[in-house]
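Q: Build the 3D model from these lines:
(chains A and B)
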Amino acid sequence: MLDLRYVVANAQAVAQNAQNRNAVVDIDGLVLASQARSQALVRLEETRRVANTVAKQTGKPTLDAAELFAALPTWLASDLGIADCSVVRANERPWLVDIGKKLKGLEPDLAALVSQLEAEIELKARQVPNLTHPDVPLGASDEDHRELRQVGVRRDFASEGFVPLDHVQLAEQLALIDFEAGAKVAGQKFYFLQNEMVLLDLALQRFTIDVLVRRGFTPMVTPDLARPDILEGIGFNPRGTESQVYTVAGHDLCLIGTAEITIGGMLADTIIEPERLPIRIAGISHCFRTEAGAGGRESRGLYRVHQFTKVEMFIFCAGDLAVSQAHHAELLAIEEELFGALQVPYRVMDICAGDLGAPAYRKFDLEAWMPGRGAWGEITSTSNCTDFQARRLQIRYRTEPGGKPRLVHTLNGTAIALSRGLIAVLENHQQADGSIAMPKALLPYLPFSVIGPR
RNA sequence: GGAGAGGUGGCCGAGAGGCUGAAGGCGGCGGUUUGCUAAACCGUUAUAGACGUUAAACUCUAUCAGGGGUUCGAAUCCCCUCCUCUCCGCCA
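A: So this is what the prediction gives:
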């Protein structure tokens, strides 16, 4: 969520930014509602103030008639039928109780108006996406991402004398994944990992966690479920047909789509002591995605599944662009380090404005070369969300003891997703005989150096 | 899942219809004293919002888990929800 005051003061720019980002917003309506709310709120507060004064006066009279009359705004005095000071009975209990009752009668309508306007503001404000880094390329499709660099060498399978298989074929040959059993027990796009694949999965997690702990991240295993308001704070939409998240029937809970949700939510409504910043967390969780409307292309095998395990990096840092951008660069560097160590060729993409989603100020994806389909495929994503998530979740810190709390910046990044990361390793390390050589970096975590051939 | 006990400021902990944004203590901050440290003493110390201002101050509204109710007036009385703890059950 953006700061409402900022939106009102910069309506034009915010509307333009939303348009660049492919977001449908009603900034004019937001500004109008915000002004109407201010007006209504002033009336409500004046009414309450007078009601409080009268209630106190009823218990223990301290004001004379003139003072009491002076406390009345003129619009309220006429509503109450008090034309002038002479009708005020500052020491008569029944009169005061009567006025108190009348005031009480006025409040519900005023309060209803305010909360109606607030609901409208909330609804409209929620649709407004974060601001955008000036270097982010414009555009709305995958073609509009800017390729920053390619790293690693794509193997020349022709000169090695064989045609590479995709991970589904490899897994089939080597009995590493059982998609049929997954479909039987849970439906399409569920699967069982089996045999060496399980150890590879765990090895990748351990390897990743070791790298992150060395980098100063605190390892965590998070809940796999979270409350809807936490999802919303992070920027997910738990309801509606296009929702990417599962909700649990009979409980006010959702299956998380990423540990970003639980880790970000962990510090909701918290004021963090400044010496604790930055807080860097490496969270392991399962991720659940309905993949609503994602049929067809690019969904073969493990590429687009309803459940996978992920090691997620998350950072809470000082609410300062220079600081969060430095962390963002590091998250990207870590992702590159990991896939470099796994000997997977990749390219780095600067994601275009129309594809950023609501919370990200800037987003970099790593796309791995996937020989099985002869194409690049997204394997990680790291976003700087600046204060967008922190504002809704109220995650703050103090710059100095006793100082005013400020919103933190939050960042997240995939360290490794044990779906697409597995694809990248299998397909890039396959050998002519159908076996798969394990990357050197994983050997300390594995009781074998090659899977197959069988 | 069953039974009980609770949820008050950064923390501990009083408070039992109006004088309570909330005693007292701890912690924090500022100061006095002091060779230094400590101690002692004095002062100060919540969040959000409105108004206003160059900015502030002042003032006002809301907040004692959350929501609703009773009342002129609720931390205090009533109802609902959530959460925590203890015991039992079940289970990894």
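
Q: In contact with the residue lying closest to residue A:317 once chain neighbours are set aside, which residues?
A: Of all residues not flanking residue A:317 in the chain, residue A:278 sits nearest, at 4.0 Å (CB to CB, 6 or more residues apart in numbering). All C-beta spots, glycine's among them, are computed from the backbone N, C-alpha and C. Residue A:278 is in contact with A:315-318, A:323, A:327, counting by CB atoms under 8 Å, 6 or more residues apart in numbering.

Q: repeat for residue A:130
A: By CB under 8 Å, 6+ apart, the residues touching residue A:130 are A:2, A:356, A:358-361, A:385-386, A:388.

Q: nearest spatial neighbour of it, skipping sequence neighbours?
A: Counting by CB to CB, 6+ apart, the residue nearest residue A:130 is residue A:388, at 4.1 Å.

Q: How about the residues of chain A by RNA strand B?
A: By CB under 7 Å from any atom of the strand, the residues of chain A that approach RNA strand B are A:38, A:41-42, A:44-46, A:48-49, A:51-56, A:58-60, A:96-97, A:100-101, A:103-104, A:271, A:396, A:401-402, A:404-405.

Q: at 6 Å what do you get?
A: Proximity of chain A to RNA strand B (CB under 6 Å from any atom of the strand) is limited to residues A:38, A:41-42, A:45, A:48-49, A:51-52, A:54-55, A:58-60, A:97, A:100-101, A:104, A:401-402, A:405.

Q: Assign residue A:364 to helix, strand or coil.
A: Assigned with DSSP: H, G, I helix; E, B strand; the rest coil, residue A:364 falls in the strand class.

Q: So which of the contacts of residue A:278 are in strands?
A: Using DSSP state E, the subset of the contacts of residue A:278 located in strands is A:315-317.

Q: Just give me the closest of those to residue A:265.
A: Proximity of the ones in strands among the contacts of residue A:278 to residue A:265 (CB to CB) peaks at residue A:316, which lies at 11.7 Å.

Q: residue contacts, the closest residue to the closest one other than its chain neighbours?
A: Spatial nearest neighbour of residue A:316, excluding adjacent residues (CB to CB, 6+ apart): residue A:279 at 4.3 Å. Residue A:279 makes contacts with A:218, A:267, A:272, A:315-317, as judged by CB under 8 Å, 6+ apart.

Q: how close does residue A:52 get to residue A:133?
A: Note on residue A:52: its distance to residue A:133, by CB to CB, to the nearest Å, is 48 Å.

Q: Please say which of the two ends up with more neighbours.
A: Higher neighbour count among residue A:52 and residue A:133: residue A:133, with 18 against 13, using other CB atoms under 10 Å.

Q: Report the contact partners of the more buried one.
A: Neighbouring residues of residue A:133 by CB under 8 Å, 6+ apart: A:361-362, A:384.

Q: From the contacts of residue A:279, list just the buried residues.
A: Buried members of these, counted by 16 or more other CB atoms under 10 Å: A:267, A:272, A:315-317.

Q: quick revisit: for the contacts of residue A:133, which one is nearest RNA strand B?
A: Nearest to RNA strand B, judged by CB to the nearest atom of the strand, of these is residue A:361 at 21.0 Å.

Q: what does the model give that closest one for pLDDT?
A: In the prediction, the pLDDT value recorded for residue A:361 is 95.

Q: count of residues packed around it?
A: The burial count for residue A:361: 23, using other CB under 10 Å.

Q: Would you agree it is in contact with residue A:388?
A: Yes. Using CB atoms under 8 Å, residue A:361 is in contact with residue A:388, at 7.2 Å.

Q: ok, which stretches of the stretch 151-300 of chain A are helices?
A: A:157-160, A:167-174, A:179-185, A:196-214, A:228-234, A:259-266 (DSSP state H, counting those that start in this stretch).

Q: which of those helices sits most buried?
A: Stretch with highest mean neighbour count among the helices of the stretch 151-300 of chain A: helix A:259-266 (a mean of 27; mean count of other CB atoms under 10 Å).

Q: which helices and strands sit right next to that one?
A: On a contact count with 3 or more CB pairs under 8 Å, 6 or more residues apart in numbering; DSSP states H and E, helix A:259-266 meets strand A:225-226, helix A:228-234, strand A:279-288, strand A:307-317, helix A:388-393, strand A:409-417.

Q: Of those, which shows the lowest average pLDDT?
A: Ranked on mean pLDDT, the bottom entry among those is helix A:228-234, at a mean of 82.

Q: CA atoms of that helix as PDB?
A: This file holds the C-alpha atoms of helix A:228-234, laid out as PDB (Å, rounded to 0.1, in the frame of the first residue of the first chain):
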ATOM      1  CA  PRO A 228      -5.900 -13.900   5.000                       C
ATOM      2  CA  ASP A 229      -5.000 -10.400   6.400                       C
ATOM      3  CA  ILE A 230      -1.300 -11.400   6.400                       C
ATOM      4  CA  LEU A 231      -1.600 -12.500   2.800                       C
ATOM      5  CA  GLU A 232      -3.200  -9.200   1.900                       C
ATOM      6  CA  GLY A 233      -0.500  -7.200   3.700                       C
ATOM      7  CA  ILE A 234       2.100  -8.900   1.600                       C
END
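
Q: And the pLDDT for the nearest residue to residue A:309 once chain neighbours are set aside?
A: What sits nearest to residue A:309 in space, not counting adjacent residues and going by CB to CB, 6+ apart, is residue A:418, at 4.2 Å. At residue A:418, the model reports a pLDDT of 95.

Q: Please narrow the residues of chain A next to RNA strand B to those residing in helices.
A: Mapping these onto helices (DSSP state H) picks out A:38, A:41-42, A:45, A:48-49, A:51-52, A:54-55, A:58-59, A:97, A:100-101, A:104.

Q: Now do the strand or helix carrying residue A:17: distance to the chain's middle.
A: Per DSSP states H and E: residue A:17 is located in helix A:11-20. Mean C-alpha position of helix A:11-20 versus that of the full chain (CA atoms, centre = their mean, to the nearest Å) differs by 21 Å.

Q: residues touching the residue of chain A positioned farthest from its centre, list them.
A: For chain A, the residue at maximal distance from the C-alpha centroid (CA atoms, centre = their mean) is residue A:86, at 60.2 Å. Shown in contact with residue A:86 (CB under 8 Å, 6+ apart): residue A:65.
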